[in-house]
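Chemist: Compute the structure for the input listed below.
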Amino acid sequence: KVAAMMEWAREHAQYENFAMLFLLAYWFLSRLPSEALPAVAGRGTALDAQSVLWKTDTELILDLRVRKNTNTRCRITRTCMCSEAAVTCPLHVLGPLVDACPEGQSLFPGMNRTSVLRALRVLLDKVGVEKSGCYGTHDLRRGHALDLQLAGAPLQVILEAGGWRSPAFLKYLDLHQLDRDLVVQSHIDESSSDEEV
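Modeler: Predicted structure coming up:
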């Protein structure tokens, strides 16, 4: 749904920056109010900010001064995804937003929790999501974790993508699918070890 929101927002300029915020929260599995919303533009230098988004030629990097689940600094990196999702590529869609913003300045000025939640529900409604009024900003984080799971990503990849070090992330996944995936993976691992003997 993030791609559909991005495409719709391109035709409705008043929602474009909201869509960019949702894209950031989605790709970096970030908590929207405390990690994505306060993001400032960086240039690879140390800034005294909770959330700094900066880029190189090949990467988009989110530096978090503190992450709720670890209480330590965290750096999350994303690369070009144009081959899989050009309309939502973190490097080539969010990168220009970073380039256009002066260092240390908010990427999402004038937004607050209320306006963000309202915009999320409007965008979801406009792209045809049923019961859009029931969604919250945490659903962006949950959505990417679930997308990774459904794409067959191993648990380690999902853990790393979200910066998780505890089982708390499990609430974002389809646990029945996860159980099936683990059973299948254990059989694959068992078959592989049989072949190597």
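Chemist: Check residue 197 and give its pLDDT.
Modeler: Predicted confidence (pLDDT) for residue 197: 31.
Chemist: What of residue 143?
Modeler: 68.
Chemist: Ok, the one 3 residues further on next?
Modeler: Per-residue confidence for residue 146 comes out at a pLDDT of 70.
Chemist: What is the burial count for it?
Modeler: Other residues near residue 146 number 16, with proximity taken as other C-beta atoms under 10 Å. For the C-beta atoms, the positions are set from N, CA and C on the backbone; glycine is no exception.
Chemist: and what of residue 14?
Modeler: When neighbours are counted by other C-beta under 10 Å, residue 14 comes out with 9.
Chemist: and it, what pLDDT?
Modeler: For residue 14, pLDDT reads 95.
Chemist: One more: residue 164?
Modeler: 60.
Chemist: ok, now which ones touch residue 45?
Modeler: Applying C-beta atoms under 8 Å, 6 or more residues apart in numbering, we find residue 45 in contact with residue 103.
Chemist: residues contacting residue 94?
Modeler: 20, 23, 24, 27, 53, 60.
Chemist: got these as JSON lines, with distance to residue 10, secondary structure and neighbour count columns?
Modeler: Converted to JSON lines, those look like this (distance: C-beta to C-beta, whole Å; DSSP: H, G, I helix; E, B strand; the rest coil; neighbours: other C-beta atoms under 10 Å):
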{"residue": "20", "distance to residue 10": "11", "secondary structure": "helix", "neighbour count": "19"}
{"residue": "23", "distance to residue 10": "12", "secondary structure": "helix", "neighbour count": "24"}
{"residue": "24", "distance to residue 10": "16", "secondary structure": "helix", "neighbour count": "27"}
{"residue": "27", "distance to residue 10": "18", "secondary structure": "helix", "neighbour count": "25"}
{"residue": "53", "distance to residue 10": "20", "secondary structure": "strand", "neighbour count": "25"}
{"residue": "60", "distance to residue 10": "19", "secondary structure": "strand", "neighbour count": "26"}
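Chemist: of all those residues, which comes closest to residue 152?
Modeler: residue 27 (18.4 Å; C-beta to C-beta).
Chemist: Checking my notes, residue 78 in a helix, right?
Modeler: No - read with DSSP: H, G, I helix; E, B strand; the rest coil, residue 78 is strand and lies in no helix.
Chemist: Only the buried residues of stretch 13-26, if you could.
Modeler: 15, 17, 18, 19, 20, 21, 22, 23, 24, 25, 26 (16 or more other C-beta atoms under 10 Å).
Chemist: which residues touch the fourth one?
Modeler: Under the criterion of C-beta under 8 Å, 6+ apart, the neighbours of residue 19 are 5, 6, 8, 9, 123.
Chemist: For the last one, which non-adjacent residue is closest in space?
Modeler: Spatial nearest neighbour of residue 123, excluding adjacent residues (C-beta to C-beta, 6 or more residues apart in numbering): residue 5 at 4.5 Å.
Chemist: So that neighbour sits against residue 124, correct?
Modeler: Yes - taking C-beta atoms under 8 Å as the definition, residue 5 is a contact partner of residue 124 at 7.2 Å.
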